[in-house]
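**Q** Let me see the structure of the following:
(one chain, ligands or ions: 2)
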Amino acid sequence: MATTLITGGTVVSATGRAPADVLVDGETIVAVLAPGSQLLGTDLARGVDTVVDATGKYVIPGGIDAHTHMELPFGGTNASDTFETGTRAAAHGGTTTIIDFAVQTYGQKVMDGLAAWHEKAAGNCAIDYGFHQIIGGVDADSLAVMPSLVDEGITSFKLFMAYPGVFYSDDAQILKAMQVSADTGLLTMMHAENGPVIDVLAAQLAEEGKTDPYFHGIARAWEMEEEATHRAIMIARLTGAPLYVVHVSAKQAVEQLAAARDRGQNVFGETCPQYLYLSLEEQLGASSEEWGAFEGAKWVCSTPLRARAEGHQHAMWQGLRTNDLQMVSTDHCPFCMKGQKELGLGDFRKIPNGIGSVEHRMDLMYQGVVTGEITLERWVELTSTTPARMFGLYGKKGVIQPGADADIVVYDPNGHTSIGLGKTHHMNMDHSAWEGYEIDGHVDTVISRGKVVVDDNQYLGAKGDGRFVKRGLSQYLV
Ligand SMILES: [Zn+2]
Ligand SMILES: [Zn+2]
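**A** Numbering: from 1, shown residues only. Ligands and ions are numbered 1, 2, ... in the order given. Next up, the predicted model:
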């Protein structure tokens with residue numbers, strides 16, 4: 001097996017940083033050594049097949065994006081990234097594992113939904129991948145089969161309090177699914193927005209002629225995110241189920257999570273780069289020459305971008321610092337403007353919901369280090385180590401230590417990344433939600449299970465490099 005030495009860099013973990021060389025044998029990290037170490041009198045750098053010079057750079061565990069939707073059918077179309085294009089873009093951005101959402105729709109068998117997702121992904125991925133299971137129809141059948149997901153390496157499932165008639169679960173269904181969660185250790189992931197109320201508000205706005213993308217954000221009021229978050233927390237508390245709330249965007253929802261955690265409940269929260277950087281006023285309310293007020297469609301996602309004037313973005317960064325929010329995923333769900341987002345011209349309710357960010361998460365979060373929002377160690381923790389622990393991958397993923405998979409990123413704090421079409425853009429989209437963002441850092445080298453897949457902006461991997469990873473139970477739970 002090929003050996004690689006990453007030399008001269010500063011290894012950064014969730015708990016600290018130190019100059020160290022990292023020795024890789026085949027697909028596995030075998031040693032983390034004092035810089036320039038000699039083993040039994042031999043010069044390691046001369047004895048290995050490949051030397052990666054990381055002088056002046058950070059050496060970090062590969063990013064883990066625990067929330068992606070490749071090829072998701074939604075709103076009469078499909079998310080525009082396939083597993084092939086989406087995972088290749090992820091690799092470019094320093095992410096070496098994704099956890100995507102397999103979908104069971106209402107009336108479908110859970111295991112059929114899972115099998116369909118395996119079929120989409122197998123042999124197509126650039127990096128390793130796991131699955132959560134969306135349970136879009138909680139009934140006797142799906143409840144009975146849920147415990148066996150654990151044997152499949154699927155240790156978390158997602159329910160929706162939004163999207164009536166699509167993925168929606170009512171409170172009785174949530175209760176029953178959480179009872180299974182409490183019994184099995186499966187982690188319940190919740191889309192916490194009150195869908196029935198939101199849909200009425202959206203219909204009323206549309207009737208008044210308020211059809212621009214901006215009103216997507218008005219209809220999806222923060223009150224209905226706070227309310228649903230609280231309701232999910234209380235049903236979880238009643239059943240003893242652990243709860244992970246996805247894509248938190250309202251500061252009031254963070255307060256609900258913090259209060260529950262202070263009471264000792266196993267409740268966790270995730271936010272996404274769009275809720276840290278983007279806003280209702282600037283993006284959903286944007287207009288352009290090409291699209292007019294429909295420009296905002298690029299940023300239609302749920303939960304929605306929230307008003308900067310209300311301080312939500314500031315509160316998300318704060319929550320990440322205080323650990324009221326534990327991790328950052330992307331909710332990568334890309335749609336092109338042409339032929340996809342434009343389905344909602346004249347009616348914001350028909351705009352497919354989603355933003356593409358899988359390529360830029362590591363950079364966007366690193367910019368938070370540059371601007372002083374988070375520490376370097378917290379960057380690694382939020383983007384790699386905690387996702388690994390939360391979803392049962394830690395030890396193999398999320399850490400640079402002997403025995404771990406050699407998923408490693410060499411990150412240059414003196415480099416620069418300009419985000420946008422024609423610059424850094426490998427996602428299968430005709431626009432970038434992050435056009436014009438400038439990052440004071442650069443993903444130099446990406447190693448996935450011992451293989452250099454990206455070096456100096458060049459993709460050196462192949463589809464099928466990535467394998468399905470079976471996950472254990474959440475390592476945050478006793
Ligand atoms: Zn969701
Ligand atoms: Zn999602």
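
**Q** if you skip the residues just before and after it, what's nearest to residue 392?
**A** Once flanking residues are discounted, residue 392 sits nearest to residue 472: 3.5 Å by C-beta to C-beta, 6 or more residues apart in numbering. C-betas here are computed from N, CA, C, even on glycine.

**Q** Let's verify the one you found: helix, strand, or coil?
**A** What DSSP: H, G, I helix; E, B strand; the rest coil gives for residue 472 is coil.

**Q** quick one: contacts for it?
**A** 153, 155, 392, 393 (C-beta atoms under 8 Å, 6 or more residues apart in numbering).

**Q** wait, doesn't residue 421 sit right on residue 434?
**A** No - between residue 421 and residue 434 there is no contact under C-beta atoms under 8 Å: 10.2 Å.

**Q** Secondary structure for the contacts of residue 472 - can I get that in TSV?
**A** Below are the contacts of residue 472 laid out as TSV (three-state DSSP):
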residue	secondary structure
153	coil
155	coil
392	coil
393	coil
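
**Q** related to what we said a few turns ago, quick one: pLDDT of the residue nearest to residue 392?
**A** If you check residue 472, the pLDDT there is 98.

**Q** ok so, going back, neighbour count winner among residue 421 and residue 434?
**A** Higher neighbour count among residue 421 and residue 434: residue 434, with 22 against 12, using other C-beta atoms under 10 Å.

**Q** Three-state assignment for the more buried one, please.
**A** Here residue 434 is recorded as coil under three-state DSSP.

**Q** and which of the contacts of residue 472 is nearest residue 321?
**A** residue 393 (24.2 Å; C-beta to C-beta).

**Q** From the contacts of residue 472, list just the buried residues.
**A** By neighbour count, with 16 or more other C-beta atoms under 10 Å, the contacts of residue 472 hold 155, 392, 393 as buried.

**Q** Which neighbouring residues are in contact with the second one, exactly?
**A** What it means is residue 392. With C-beta under 8 Å, 6+ apart, residue 392 has these contacts: 155, 471, 472, 473, 474, 475.

**Q** Swap in 6 Å and give it another go.
**A** Residue 392 is in contact with 155, 471, 472, 473, 474, counting by C-beta atoms under 6 Å, 6 or more residues apart in numbering.

**Q** how many neighbours does residue 194 have?
**A** Using other C-beta under 10 Å, residue 194 is surrounded by 20 other residues.

**Q** Provide the count of other residues in contact range of residue 108.
**A** By other C-beta under 10 Å, neighbour count at residue 108 equals 15.

**Q** just residue 185 next, same as before
**A** For residue 185, the neighbour count with other C-beta under 10 Å is 17.

**Q** Got phi/psi on the residue nearest to it when sequence neighbours are not counted?
**A** Leaving out its chain neighbours, the residue that sits closest to residue 185 by C-beta to C-beta, 6+ apart is residue 473, at 4.5 Å. For residue 473, the backbone dihedrals (degrees, to the nearest 10) come out as phi -70, psi 160.

**Q** how about residue 473, what does it touch?
**A** Residue 473 makes contacts with 155, 185, 392, as judged by C-beta under 6 Å, 6+ apart.

**Q** ranges for the strands of the stretch 101-250 of the chain?
**A** With DSSP state E, counting those that start in this stretch as the criterion, the stretch 101-250 of the chain has strands at 128-135, 156-160, 187-191, 243-245.

**Q** Dump the ones you listed to CSV, plus distance to residue 465 and mean pLDDT.
**A** Converted to CSV, the strands of the stretch 101-250 of the chain look like this (distance: least, C-beta to C-beta, whole Å; pLDDT from 0 to 100):
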stretch, distance to residue 465, mean pLDDT
strand 128-135, 9, 98
strand 156-160, 24, 98
strand 187-191, 27, 98
strand 243-245, 29, 98
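
**Q** export these to a markdown table and tack on distance to residue 212?
**A** Shown next, in a markdown table, are these (distance: least, C-beta to C-beta, whole Å):
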| stretch | distance to residue 212 |
| --- | --- |
| strand 128-135 | 30 |
| strand 156-160 | 25 |
| strand 187-191 | 24 |
| strand 243-245 | 29 |
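
**Q** Surely residue 161 is in contact with residue 230?
**A** No - the criterion here is C-beta atoms under 6 Å, and residue 161 misses it with residue 230 at 11.0 Å.

**Q** Compare these two (neighbour count), which wins?
**A** The neighbour count for residue 161 versus residue 230, taken as other C-beta under 10 Å, is higher for residue 161 (26 against 18).

**Q** Distance of that one relative to residue 198?
**A** Distance of residue 161 to residue 198, given as C-beta to C-beta, to the nearest Å: 10 Å.

**Q** What of residue 189?
**A** For residue 189, the distance to residue 198 - C-beta to C-beta - is 19 Å.

**Q** Which one's more surrounded, these two?
**A** Each of residue 189 and residue 198 has its neighbours counted (other C-beta under 10 Å); residue 189 has more, 26 against 23.

**Q** Tell me if I'm right that the more buried one and residue 243 touch.
**A** No - using C-beta under 6 Å, residue 189 makes no contact with residue 243, being 8.2 Å away.

**Q** Tell me how many other residues surround residue 466.
**A** Neighbours around residue 466, by other C-beta under 10 Å: 29.

**Q** Over to the one 5 residues further on?
**A** By other C-beta under 10 Å, the residues close to residue 471 number 25.

**Q** how close does the nearest residue to it once chain neighbours are set aside sit to residue 272?
**A** Nearest non-adjacent residue to residue 471, counting by C-beta to C-beta, 6+ apart: residue 392, 4.0 Å away. Taking C-beta to C-beta as the measure, residue 392 falls 21 Å from residue 272.

**Q** repeat for residue 379
**A** Noted for residue 379: a distance of 15 Å to residue 272, by C-beta to C-beta.

**Q** Alright, calling it a day.
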